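Asker: predicted model and sequence below, questions to follow.
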Amino acid sequence: MAGIVDALRTLVTFGVAGVTALATPGQPLSPTNIFAPASTSSQSILELSRLVLLVTAAIFVVVFSLLAYAVVKFRTRRANEWREPAQVYGSTQVELAWTVIPILVVVVLFLATARVIAGIQGAAPPGGAIEVTAIGHQFWWEYRYPSLNVVTANELHIPVSDPAHPTPTFLTLLSADTDHSFWVPRLAGKTDLIPNHPNRMWVDPREPGLYLGQCAQYCGTQHAKMLLRVYVQTRDEFDRWIQEQNRPALISSGVSEGQRIFERTACINCHAVAGTVANGRFGPDLTHLMSRDTIASGAAPNTPENLRRWIQDPSVIKPGSKMPSMGLSDPELNAVTSYLETLH
Amino acid sequence: MATETIARPPSPTVTTRPLVESLHEWVTTVDHKRLGILYILYALVFLVFGGVEATIMRIQLIRPHNDFVSPQVFNRMFTMHGTTMIFFVAMPILFGFANYLIPLMIGARDMAFPRLNAFSFWMTAFGGLLLYFSFLGGDGLYGAGNAPDVGWWAYAPLTSPAFSRGHSTDFWTLSLLISGVGSIGTAINIIATVLCMRCPGMTLARMPLFAWLNLVMASLAILAISPLTAAQLMLLIDRYLGGHFFDTQAGGSAVMWMHFFWIFGHPEVYVLVLPAFAFASEIIPVFSRKAIFGYPVMVAATVCIAFIAMSVWAHHMFTVGMGPAANTFFVLSTMAIAVPTGIKVFNWLATMWGGQIHFKTPMLFCIAFLFQFLIAGLTGIMLSAAPFDWQLAHSYFVVAHFHYVILGAIFFTLFGAFYYWFPKMSGRMLNESLGRMHFWLFFIGFHLTFDFMHIPGLLGMPRRIYTYEPGRGWDIWNLIVSIGVLFQAAGVLMFIANLLWSYRRGEVAGSDPWDAWTLEWSTTSPPPSYNFAVIPEVKSRRPLWDLKHPDDPDWRYE
């Protein structure tokens, strides 16, 4: 019931906000708008969709006008209510016309579509391409850069691709459990991650920035909070990021109390911290946890408070998360949180 | 001559019997009319269940980060909503009308196999009860869910024991297995009835389009439901007998389940929409006072749709990574189906063209159907262009599109069918003012909900998420979508009130309240158990037109 009351209260607020947002020129409608492409494949999808929208709009105008005209023109007026109209049973010429014209429209749309399919799915990786393996997990993303020796989670970093010297990113899509789908609308259409069925897709973003998206294939309880964040960086920034990720974690001298608790409890069954005994692979790699903006696959900003709350009981932030609550005491929680905060 | 063959028997005298006795009669009945009504009433009950589930989802999504229900409950709601609406509302209600009307329209006294008919109904009925029993019996393990929460496609490997503990998925599988057997039984019955039980003079070319469309629907249903039933058995084998059909960790294939499901799932859309076309093809001519335009082309287009419908299933799988050749093939087949479908729309328009359109409630629903089906078809063309679909698939745009088909087309004609044939079934007219109120409330609610639902899809909102992040530009649209539910619910309440009120107090209908032309209107309302005292004999597609216009009968022109 709280939902209804709150919703009624926010009705007016949202109404005003919505109209303002639509009326403000230049302000982007949404960070995940499919009509705001930022790479080649999403751009060619936009061009195809413009053609499709144009053709369907024309069909709509024609057929709707016929319907509206028929409804108005042939409505019963009182005077002749009881007179049956002339009975017409059909007409071969007319039938032929509305068979042949749609066939022609279909041929045009089909050819245009086939060209875009071949252009996107047929592209081979050029020399400068970056290879990334994306693995879907319930309910987070694992990213591996096999040739760069980097493993990270939930926040994908890729370089800008300059049309003169293209450095697109080719993703190999795998799943560790159920079906997922990789969808960052401004960069590309979605491709599913299916266990036992490796897929490929590619993106070549032209502008640096943060591109958002989320898992698009229902994958279990927390499908909603399996968010995607793609950081597109200039080549220099990207190289620097790779360098930082290649270092082992910077751990302050000596083994802290937090590290001891982390390594003594079940944390290390699932999590890895390079250079320590923690080498679990079921959960996100935490070696450079502090280099990420968010935790819990984008569900919460990476702040000390959120981190502590997450470790205490993940189901508060993300009910249905596979990470259990370890039942740590307050001092233990503080110690583990401080340890994790050292993982830059 | 015609006056002799189409006799109108007097109304049977109504006697009041004890409740137990009349209940016993309903439970043991093999009369196609009673089974038809049972199907319809059963589906209306499940319509309320499915509607409540939809309402719970829309309350949850009314604003970002709402906490009306937990993700576990939300996932159960969309799984149960989809499964209920397709298998236990749309299919049975359409089978109900087919059961009731086909023998009356073709001048027969019952379906070909009356006992198979009863068996099929009770299989479907118990299938639905089994599905809902999961709310009580689904907990097989401590902490495992109760109702199914795997989505109505139940994609592997989410249904494997590793990801779906307890018995919720078993309830889903078994209920569809059982109701699938019922549906196949009804489909066989419809085919046999239409092919073998027609009255003298009714050649295939003189059948009402209603019978033709249901014949094609039934053929398609056999082809579509068999693979689904096979897949359910394979899933059971996987879950309980150590099979690995869909067990990806043992080399099974998740993609194979998708193929099995959609080779059922897409023809299923046509199994549902062909009966909707059947309603429109009967109602539009009568309220335009004209014969259906291009009858042979309408039949040809229907058969053509059925053939193409068997080769379009993988357009649900454009994002699965099928490779350019397979994607291109399914783009072509999917776009091709627009041609015969378009022909149908043009023929309905041509039927209205030059007619005398009477805006009674059944016709209002059919005109709205034409408008909404046009839009549904056009968004369908957008989705058929595979690259566009890579953006639109699994988003709220798709949800809006198929609700336009299922609600905007199928349910609108279905409501029209209620207003049109209720007088035949009950002997009383549905109230016209309540009917108009039902129409306008539902029309406004439908458009508030499903027009605006396209937009968050275009802005990147995936389906099946129990909550969403603020700042994505989705908030306002979700709010409007949820508000539309209020109007739809009010419309449905108006409809149910109308059914109840009119059943007792509606204006007495007489045998032919709409001045219509097909055989069901030649017998009393409601018809006697034997339908026709004398089996009629027909000479054209509109036997009652011939009867009413002896000077200008149809058989001169056909």
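Answerer: Cool, got the structure. Numbering: from 1, shown residues only, chains lettered A, B, ... in the order given.
Asker: just the buried residues of the strand or helix carrying B:R239, please?
Answerer: According to DSSP states H and E, B:R239 maps onto helix B:209-240. Buried residues in helix B:209-240, counted by 16 or more other CB atoms under 10 Å in any protein chain shown: B:209-225, B:227-229, B:231-232, B:234-236, B:238-239. (C-beta placed from N, C-alpha, C; glycine too.)
Asker: now the element after the helix or strand in which B:I93 is found, going C-ward?
Answerer: Take DSSP H and E as the rule and B:I93 turns out to sit in helix B:91-105. Using DSSP H and E, the helix or strand that follows helix B:91-105 towards the C-terminus is helix B:114-137.
Asker: list the helices and strands the helix or strand following that following helix packs on?
Answerer: Heading C-terminal from helix B:114-137, the first helix or strand you meet, by DSSP H and E, is helix B:168-196. Packed against helix B:168-196 by the contact rule (3 or more CB pairs under 8 Å, 6 or more residues apart in numbering or on different chains; DSSP states H and E) you find helix B:71-83, helix B:91-105, helix B:114-137, helix B:209-240.
Asker: let's see that with 10 Å instead.
Answerer: helix B:32-60, helix B:71-83, helix B:91-105, helix B:114-137, helix B:209-240, helix B:254-288 (3 or more CB pairs under 10 Å, 6 or more residues apart in numbering or on different chains; DSSP states H and E).
Asker: and among the ones you listed, the most buried is which?
Answerer: Across these, the average number of neighbours (mean count of other CB atoms under 10 Å in any protein chain shown) peaks for helix B:91-105, which reaches a mean of 27.
Asker: now do it against helix B:254-288, angle only.
Answerer: Interaxial angle of helix B:91-105 relative to helix B:254-288 (axes from the mean of the first three to the mean of the last three CA atoms, to 10 degrees): 40 degrees.
Asker: for helix B:91-105, what is the average pLDDT?
Answerer: For helix B:91-105, mean pLDDT is 97.
Asker: and it, how far out from the chain's middle?
Answerer: Taking CA atoms, centre = their mean, to the nearest Å, one finds the center of helix B:91-105 at 11 Å from the center of the full chain.
Asker: cool, stretch B:317-330 as well?
Answerer: Using CA atoms, centre = their mean, the offset of stretch B:317-330 from its chain centre is 28 Å.
Asker: quick one: residues contacting whichever residue of the stretch 101-250 of chain A sits closest to chain B.
Answerer: Scanning the stretch 101-250 of chain A for the residue nearest chain B gives A:G189, at 2.3 Å (criterion: CB to the nearest CB). For A:G189, the contacting residues are A:34, A:41-42, A:45, A:120, A:182-183, A:201, A:216, B:318-319, B:386-393, by CB atoms under 10 Å, 6 or more residues apart in numbering or on different chains.
Asker: what's the answer for B:S426, then?
Answerer: B:I37, B:L499, B:S502, B:Y503, B:R504, B:G506, B:A509, B:S525, B:P526.
Asker: switch these over to a markdown table; also include secondary structure, distance to chain A and pLDDT.
Answerer: Below are those laid out as a markdown table (DSSP: H, G, I helix; E, B strand; the rest coil; distance: CB to the nearest CB, whole Å; pLDDT from 0 to 100):
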| residue | secondary structure | distance to chain A | pLDDT |
| --- | --- | --- | --- |
| B:I37 | helix | 32 | 97 |
| B:L499 | helix | 27 | 96 |
| B:S502 | helix | 24 | 96 |
| B:Y503 | helix | 29 | 95 |
| B:R504 | helix | 30 | 94 |
| B:G506 | coil | 23 | 95 |
| B:A509 | coil | 19 | 93 |
| B:S525 | coil | 22 | 92 |
| B:P526 | coil | 28 | 94 |
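Asker: centroid-nearest residue for chain B?
Answerer: Among the residues of chain B, B:A90 comes closest to the average C-alpha position under CA atoms, centre = their mean, at 3.4 Å.
Asker: quick one: low-confidence parts of chain A?
Answerer: For chain A, applying pLDDT under 70 flags the ranges A:1-27, A:79-82, A:250-254.
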